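Colleague: coordinates only, no sequence provided:
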């Protein structure tokens, strides 16, 4: 019974390590701790990586090797069986010593216990004990017929492990939780807001720093990008912009690899060009597409391909994610301007208002930017800060430590960012858990019109885009205004929300976000629909477009 038990324990350890590896390789993946709350503390510590690789990866390699050795023991000759027993004892012994070291770190350094780490420590200890017993008192060599029976028994253990393990893994993936948002400390802010190697545009000496956490696959970030570019052009050397990675991989499967690709482009001095390219062609961020974009940007193709394939930039992306979560980031885009945290895109006028306030508070003796066009956007809503607003004073810049006038905030003890909520919908993994509107295509729209139903088409794009072309009789209600104007829509009529059609299938698209807003305000679910083919699908079907 030793070998089947050793195999079962090895498969248990492999399951444990695979689950930890899955959550460790992306901080956006929720974790199920099952017992206690220490798993996320251990996961967030710098001890979670060894020699640049996540610690669970070593567990996967060790337990997979042990499982293969246990399975092979019943099929090899007596001489080889003796070697496999020594190999099992040696590998499990090394794992036992390493688990002791990890347990010491959890107990006396991290001061938190991870349920999965404890399970792994107990598992490797039992395997080591069985391995030592196998070396000291080896079982007699079996006859060929009994060897086949033993091999079938081992295979049965493996099948049972699969039958139990796959559903268990899927359950854990769906029932995990992200760590709670903790108010960032002053030390955390100084360390995590801007790293020495963060990507910076503008004047490094500027008293005003705008930090953006963004996701290349997020449609809301594309909407925000136009305002960011306008602000860069308007204020020039009076501000500096810092870009931080925050891919929401749970809802955007290509975002993490796109973030790595932008870092690979940065190695060749083309980071900001990659940002513009990826946002422009957001509808396709597959690895093949990323390689094609690299060629179009004039990058060294071989060097870029090697960088992307190796995953060498994954650690940098994970560090940005860790920093963002420590700073309270949960949605994209999230901006930090002075002492203010803003979730969601801002209009140029709103952006200018905040930047002007920060320039004034920093005592910048410089000409005011040209007055923006009349602001038709709703005002920014201020949330009450948890502590009194901290004083903003110049601090040395992370990207230029010798600078004494760069505009990183300096917080009083215990101070945190005051949170501002932009009057629009940001993109977050939480959006996927909300009630969703019904998605329909062009065929369903045709059927709806043929049935005699007269739906109200609502174009959720910006007015200037709406004026260039729209579905006949459609009204324009931009998604950024919908939270204030939803009551202007009838609840007793079928409402079909649409946009361009480029990103309507995305959970964070403007049309789907608009649908969630209406459902949250009591609109009947059967009357709220999202035409995901959008205006592009309408035109492709040969239907009339009003201009």
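Modeller: Everything's here; your move. This is a predicted model, so every value here is computed, not measured. Residues are numbered from 1 along each chain as shown.

Colleague: show me where the chain has its strands.
Modeller: Residue ranges of the strands in the chain, as given by DSSP state E, are 49-50, 53-54, 199-202, 209-214, 240-245, 334-337, 340-343, 381-382, 418-421, 438-440, 456-459, 475-476, 495-498, 528-531.

Colleague: and the contacts of the last one?
Modeller: If you take Cβ atoms under 8 Å, 6 or more residues apart in numbering as the criterion, strand 528-531 is touched by 437-442, 444-445, 455, 457, 494-498, 504, 511-512, 514-515, 518-519, 537-538. Placement of C-beta: from N, CA and C, glycine included.

Colleague: repeat for the second one
Modeller: In this structure, residues lying in contact with strand 53-54 by Cβ under 8 Å, 6+ apart are 20, 21, 24, 25, 48.

Colleague: how far away from the center of its chain is that strand?
Modeller: Mean-position distance between strand 53-54 and its chain equals 18 Å (Cα atoms, centre = their mean, to the nearest Å).

Colleague: what strands line up against it, and which way round?
Modeller: Note on strand 53-54: by DSSP bridges, its sheet partners are strand 49-50 (antiparallel).

Colleague: for the stretch 101-250 of the chain, give me the ranges with low pLDDT.
Modeller: In the prediction, the stretch 101-250 of the chain carries residues with pLDDT under 70 at positions 141-147, 178-185, 188.

Colleague: go again with 80.
Modeller: Filtered on pLDDT under 80, the stretch 101-250 of the chain yields the residue ranges 139-151, 154, 177-191.

Colleague: would you list every one of the helices in it?
Modeller: Secondary structure of the stretch 101-250 of the chain, counting by DSSP state H, counting those that start in this stretch: helices at 115-136, 144-175, 186-192, 219-235.

Colleague: next, format those helices as CSV and append mean neighbour count and distance to residue 11.
Modeller: Shown next, in CSV, are these (neighbours: other Cβ atoms under 10 Å; distance: least, Cβ to Cβ, whole Å):
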stretch, mean neighbour count, distance to residue 11
helix 115-136, 20, 10
helix 144-175, 13, 4
helix 186-192, 17, 39
helix 219-235, 20, 42
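
Colleague: take the ones you listed and lay them out in CSV including distance to residue 267.
Modeller: Rendered in CSV, the data for the helices of the stretch 101-250 of the chain read as follows (distance: least, Cβ to Cβ, whole Å):
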stretch, distance to residue 267
helix 115-136, 35
helix 144-175, 33
helix 186-192, 23
helix 219-235, 23
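
Colleague: related to what we said a few turns ago, quick one, which of the contacts of strand 528-531 are buried?
Modeller: Among these, those that count as buried by neighbour count (16 or more other Cβ atoms under 10 Å) are 437, 439-440, 442, 444-445, 455, 457, 494-498, 504, 511-512, 514-515, 518-519, 537-538.

Colleague: thinking again about what came up before, nearest to residue 39, out of the helices of the stretch 101-250 of the chain?
Modeller: Distances from residue 39 to each of these were compared using Cβ to Cβ; the minimum, 6.0 Å, belongs to helix 115-136.

Colleague: what does that closest one rub up against?
Modeller: Residues external to helix 115-136 that are found in contact with it (Cβ under 8 Å, 6+ apart): 2, 5-6, 9-10, 12-13, 16-17, 19-20, 33-36, 38-39, 42, 59, 62, 66, 85-86, 88-89, 92-93, 95-96, 99-100, 102-103, 106.

Colleague: name the nearest residue to the residue positioned nearest the centre of the chain, sequence neighbours excluded.
Modeller: For the chain, the residue whose C-alpha lies nearest the mean C-alpha position (Cα atoms, centre = their mean) is residue 248; its distance is 2.5 Å. Once its chain neighbours are removed from consideration, residue 248 has its nearest residue in residue 215; the separation is 5.1 Å (Cβ to Cβ, 6 or more residues apart in numbering).

Colleague: just to check, the one you found is in contact with residue 221?
Modeller: Yes - between residue 215 and residue 221 a contact is recorded at 5.7 Å, counting by Cβ atoms under 8 Å.

Colleague: anything in contact with each of those two?
Modeller: Between them, residue 215 and residue 221 share these contacting residues under Cβ under 8 Å, 6+ apart: 332, 333, 427.

Colleague: pipe the residues you listed into CSV and attach pLDDT per row.
Modeller: Formatted as CSV, the entries for the shared contacts of residue 215 and residue 221 read as follows, by pLDDT from 0 to 100:
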residue, pLDDT
332, 95
333, 95
427, 91
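
Colleague: that older thread, which of the contacts of helix 115-136 fall within helices?
Modeller: Residues of the contacts of helix 115-136 located in helices (DSSP state H): 2, 5-6, 9-10, 12-13, 16-17, 19-20, 38-39, 42, 59, 62, 66, 85-86, 88-89, 92-93, 95-96, 99-100, 102-103.

Colleague: if I look at residue 529, how far off is residue 455?
Modeller: 8 Å (Cβ to Cβ, to the nearest Å).

Colleague: do the same with residue 240
Modeller: Using Cβ to Cβ, we find residue 240 at a distance of 47 Å from residue 455.

Colleague: with residue 230 instead?
Modeller: Using Cβ to Cβ, which is the criterion applied here, residue 230 is 35 Å from residue 455.

Colleague: cool, and residue 56?
Modeller: Note on residue 56: its distance to residue 455, by Cβ to Cβ, is 51 Å.

Colleague: shouldn't the residue nearest to the centre of the chain be in contact with residue 214?
Modeller: No - between residue 248 and residue 214 no contact is recorded; they are 10.1 Å apart, counting by Cβ under 8 Å.

Colleague: mutual contacts of those two, please.
Modeller: Applying Cβ under 8 Å, 6+ apart, one finds that residue 248 and residue 214 are jointly contacted by residue 332.

Colleague: which residues touch the nearest residue to residue 299 once chain neighbours are set aside?
Modeller: Leaving aside its sequence neighbours, residue 299 sits nearest to residue 268 (Cβ to Cβ, 6+ apart; 5.0 Å). For residue 268, the residues meeting the contact criterion (Cβ under 8 Å, 6+ apart) are 299, 300, 303, 304.

Colleague: report how many residues lie close to the third one.
Modeller: Other residues near residue 303 number 13, with proximity taken as other Cβ atoms under 10 Å.

Colleague: how about it: what's its closest non-neighbour residue?
Modeller: Counting by Cβ to Cβ, 6+ apart, residue 268 is the residue found nearest to residue 303 once chain neighbours are left out, at 6.9 Å.

Colleague: many thanks, have a good one.
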